Every structure is written in C-alpha cells, then in structure tokens.
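Engineer: Sequence plus the predicted model coming up.
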Amino acid sequence: MNNIAVFPGSFDPITTGHESIIKRALPLFDKIIVAIGKNQNKKSFFPLEKRKQWIEQVFAPYKRVEVVVYECLTVDLCKKMKARYILRGLRTSADFEFERSIGQINKQMHRSIETVFLLTTPELTALNSSIVRDIYRNGGDVSRFVPKGVDIKM
Ligand code: ADP
C-alpha cells in the first residue's frame, strides 16, 4: 500500500463537507486515515468517542478508510502511519491563507510529505462544523448538514 493520506481535523462534528472530500479523494489514494486531533488548547463540543463513532459509522462500508485519534504533530502521525500525503479541503481564500502556512511549515519539518488540497464543491462551501454546532445548540435540525444516518446527539 503506497499512497496513504491522512485527513486531519476536529470533526466536531463530521459534516457532509468532510464526507464529500473523503469520498472524492478515495480514487486518488490506496487508503485514507481520518485523524481526529486531540487539541489541548481547543476544547471540543461533542465528545471524542461520539465524533469517532459517527465517522466510523459513515465509512463502515469503505474498507480503505480508517479512523484514528492523535495527539502529536500531524507530520509525526504521517510518519507513524507511513502516509506520504496530508489531505485538506479548501473552501475560501481564508482557508487558503491558513492552510498555506501550515502546509509550508509541515513541508519544512518533513520534506517527503506532501499536502494535497481538494476544492470544495460549490454547494458545500458555506458549511462548517461550527455552524452545525450553533444550529444544534439552538435546537435546530442538523440532519441535512451531516452524513446520512448520523444521529447527532450529545
Ligand atoms: P480543523 O479543526 O483542522 O479546521 P475541520 O474538522 O474543521 O478541521 O476540517 C477538517 C478538514 O475538512 C479541513 O481541511 C477543512 O478545510 C475541511 N472541510 C471542512 N468543512 C468542509 C467543507 N464544507 N467542504 C470541504 N472541506 C471541508
């Protein structure tokens, strides 16, 4: 298995935007490791176990998708998993500026790891986990913004 990609994020919670990037990237890689970052400085809203379960549920039929939790640098996770690629989605120019610095610093740390970006499909550009959390907090219906079958509940 040569082309392994790590798709890092908080997935708090997984949205149809994340799902779309993973499914579109599947033909490009032998395996995609969805990596949920445990960030000491950023408190998550949904419990880690739930975030992991939801992603596992969505990709249960996809044997080439694996879900892990990590606490180290993304490039160190890549080395550990023998992944040569980091996969990220690009929604806006703000995403680009943010991703550019991380991608370039990652490249300085590990020359052999490439970051690969997929542009969001237009209809998913406005979607992010923080909007989904806001709708949920205020009692709205989030089902259309998260993958089919995922029941978002604390
Ligand atoms: P982070 O905490 O690193 O921002 P997220 O969980 O928000 O992580 O996102 C993980 C990845 O998914 C990022 O590359 C982000 O750009 C991408 N992503 C998030 N929402 C969307 C979307 N609606 N369409 C495409 N990509 C998205």
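Structural biologist: In hand now; what should we look at? Numbering: from 1, shown residues only.

Engineer: And the strands in the chain?
Structural biologist: With DSSP state E as the criterion, the chain has strands at 4-9, 31-37, 65-70, 85-90, 114-119.

Engineer: Arrange the ones you listed in CSV, one row each, with mean pLDDT, mean neighbour count and distance to Lys107 as further columns.
Structural biologist: No exception for glycine: its C-beta is placed from N, CA and C like everyone else's. Shown next, in CSV, are those (pLDDT from 0 to 100; neighbours: other CB atoms under 10 Å; distance: least, CB to CB, whole Å):
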stretch, mean pLDDT, mean neighbour count, distance to Lys107
strand 4-9, 98, 23, 14
strand 31-37, 98, 22, 18
strand 65-70, 98, 17, 19
strand 85-90, 98, 21, 10
strand 114-119, 98, 16, 7
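
Engineer: Distance to Lys50 for those strands - can I get that in TSV?
Structural biologist: Shown next, in TSV, are these (distance: least, CB to CB, whole Å):
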stretch	distance to Lys50
strand 4-9	15
strand 31-37	11
strand 65-70	12
strand 85-90	22
strand 114-119	26
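
Engineer: Using TSV, lay out those together with distance to the ligand.
Structural biologist: Listed next are the strands of the chain as TSV, based on distance: least, CB to the nearest ligand atom, whole Å:
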stretch	distance to the ligand
strand 4-9	3
strand 31-37	7
strand 65-70	12
strand 85-90	2
strand 114-119	7
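
Engineer: Tell me which of those lies nearest to Arg24.
Structural biologist: strand 114-119 (5.8 Å; CB to CB).

Engineer: any idea of the angle the closest one forms with strand 85-90?
Structural biologist: Note on geometry: by axes from the mean of the first three to the mean of the last three CA atoms, to 10 degrees, strand 114-119 and strand 85-90 are set 30 degrees apart in direction.

Engineer: tell me the contacts of Val34?
Structural biologist: 7, 9, 11, 22, 55, 59, 65-68 (CB atoms under 8 Å, 6 or more residues apart in numbering).
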